[in-house]
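Enquirer: everything below, folded, please.
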Amino acid sequence: MRFPSMTALRALDAVARLGSVSVAAKELSLTRSAISHQISKLEECVGYALTERIGRGIGLTYQGERYAREVHRLLLNLQEAGHLLDDQKVSGRLCVSCAPGFATYWLCHHIGGFLRQYPQVQLQLISPKTPDDTNNPTVDLFIAYGIGDWPELLVEEIVALRFFPVCSPRLINSLSGLKSPQELNGYPLLHMTDYSDWRVWLTAAGASHVNAATGILFSDAHCAQSACIAGQGIAIGDNLISGDALSRGLLVRPFDITIDLHRGYYLVADPQKTERPVVQAFSNWVKSQLQSSHHSWQDAV
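Expert: Presented below is the predicted three-dimensional model:
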């Protein structure tokens, strides 16, 4: 048996996936007659019928379906081989400046996957002086926190933040549940840097009479979340910092009220540096992995 042409294999795969010669022709930028001709040539090559007339259209025969599955697997393998070769071209030094909150609660839990995919990259992660700092000239790519206002730089939002109260299941059980935000008076509140997040949330929840300036004030998000998980109080969390803990059941949301922060995490870079393959590879990897994380968090947050 002689080897079939790649065009013929792709034609059969497209018809099998899409269930239509017309749609397959559009996907491959061919005419309907060209698709039919390629499948006829493929049938001559393999020695049996791959398609059969069904009404005014065509369908796959039993043998055609089996053969199409093998063809699809083969094409996927070829595509993957191409991706592997492309990945090997991504190399060199990459310095990423990452806001501490994003680094602690997301990037440090996933970064090994990037190096497994791009083993020839020399990766350096550093922390900026402030979460919105993008002034370091030695950095290739910033993951910065803010409202997206970095003039003359390329900016792309990757996480839009929302905040809401969180606490440990053990604490909520010991309190016999909280029926409404108005009941928060007298309960330990945990704060990050200042009392503003709780004040904003309590006002939105119609509980501005609750004294927000009580409890413990932390200067570090990691300490505040650790205290919250340990049952020391109720904190204001967000979909990034608290997302994983919520999905794992370490934290719960006592109330459904959510506030949009109008702040988030952004990929920020000098336009010239974004042309480097290694910068593009890291940016695409971050966005792809975040999409997977969001799927796992969405039910919890």
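
Enquirer: show me what stretch 241-260 is in contact with.
Expert: Applying CB atoms under 8 Å, 6 or more residues apart in numbering, the contact partners of stretch 241-260 are 101, 105-106, 109, 160-169, 172, 177-178, 180-181, 200-201, 204-205, 221, 225, 228-229, 234, 237, 293, 296-297, 299-301. For the C-beta atoms, the positions are set from N, CA and C on the backbone; glycine is no exception.

Enquirer: how long is it end to end?
Expert: Stretch 241-260 has an end-to-end distance of 15 Å (CA to CA, to the nearest Å).

Enquirer: any buried residues in that stretch, and which?
Expert: 241-247, 250-255, 258-259 (16 or more other CB atoms under 10 Å).

Enquirer: buried subset of the contacts of stretch 241-260?
Expert: Buried members of the contacts of stretch 241-260, counted by 16+ other CB under 10 Å: 101, 105-106, 161-168, 172, 178, 181, 201, 205, 221, 225, 228-229, 234, 237, 293, 297, 300-301.

Enquirer: circling back to that earlier point, among the buried residues of stretch 241-260, which one sits closest to Arg53?
Expert: Ranked by distance to Arg53 (CB to CB), the buried residues of stretch 241-260 are led by Ser247 at 51.0 Å.

Enquirer: show me where the protein dips below the pLDDT cut-off.
Expert: Residue ranges of the chain with pLDDT under 70: 1-2, 80-88, 294-301.

Enquirer: would you mind measuring from the nearest residue to Phe142 once chain neighbours are set aside to Pro131?
Expert: Sequence neighbours aside, Val268 is the residue nearest to Phe142 in space, at 4.2 Å (criterion: CB to CB, 6 or more residues apart in numbering). Using CB to CB, to the nearest Å, one gets 11 Å for the distance from Val268 to Pro131.

Enquirer: what's the overlap in contacts for these two?
Expert: Counting by CB under 8 Å, 6+ apart, the residues touching both Val268 and Pro131 are Ala144.

Enquirer: can you pull out the strands in the stretch 151-300 of the chain?
Expert: Taking DSSP state E, counting those that start in this stretch, the strands of the stretch 151-300 of the chain run over residues 154-166, 189-192, 216-218, 234-238, 259-269.

Enquirer: residues touching the third one, excluding its own?
Expert: Counting by CB under 8 Å, 6+ apart, strand 216-218 makes contact with Pro188, Leu189, Leu190, His191, Met192, Thr193, Asp194, Tyr195, Ala224, Ala227, Gln232, Gly233, all of which sit outside it.

Enquirer: report the buried members of these.
Expert: Pro188, Leu189, Leu190, His191, Met192, Tyr195, Ala224, Ala227, Gln232, Gly233.

Enquirer: burial of the closest residue to the fourth one other than its chain neighbours, as a residue count?
Expert: Take His191 and drop its neighbours on the chain: the residue closest to it by CB to CB, 6+ apart is Leu217, 4.8 Å away. Residues near Leu217, counting by other CB atoms under 10 Å, number 14.

Enquirer: so how far is Ala68 from Leu217?
Expert: For Leu217 relative to Ala68 (CB to CB), the value is 64 Å.

Enquirer: again with Val90
Expert: From Val90 over to Ala68 the distance is 33 Å, taken as CB to CB.

Enquirer: for the buried residues of stretch 241-260, which one is nearest Gln272?
Expert: Gln272 has its nearest neighbour among the buried residues of stretch 241-260 in Ile241, at 32.7 Å by CB to CB.

Enquirer: quick one: the closest residue to the closest one other than its chain neighbours and Tyr145, what's the gap?
Expert: Nearest in space to Ile241, with sequence neighbours left out and distances taken as CB to CB, 6+ apart, is Tyr105 at 4.9 Å. Per CB to CB, Tyr105 is found 12 Å from Tyr145.

Enquirer: cool, His109 as well?
Expert: Using CB to CB, His109 is found at 18 Å from Tyr145.

Enquirer: now swap in Gly92 and tell me
Expert: From Gly92 to Tyr145 the distance is 27 Å (CB to CB).

Enquirer: please say which of these two ends up with more neighbours.
Expert: Neighbour comparison, Gly92 and Tyr145: the larger count goes to Tyr145, with 22 against 13 (by other CB under 10 Å).
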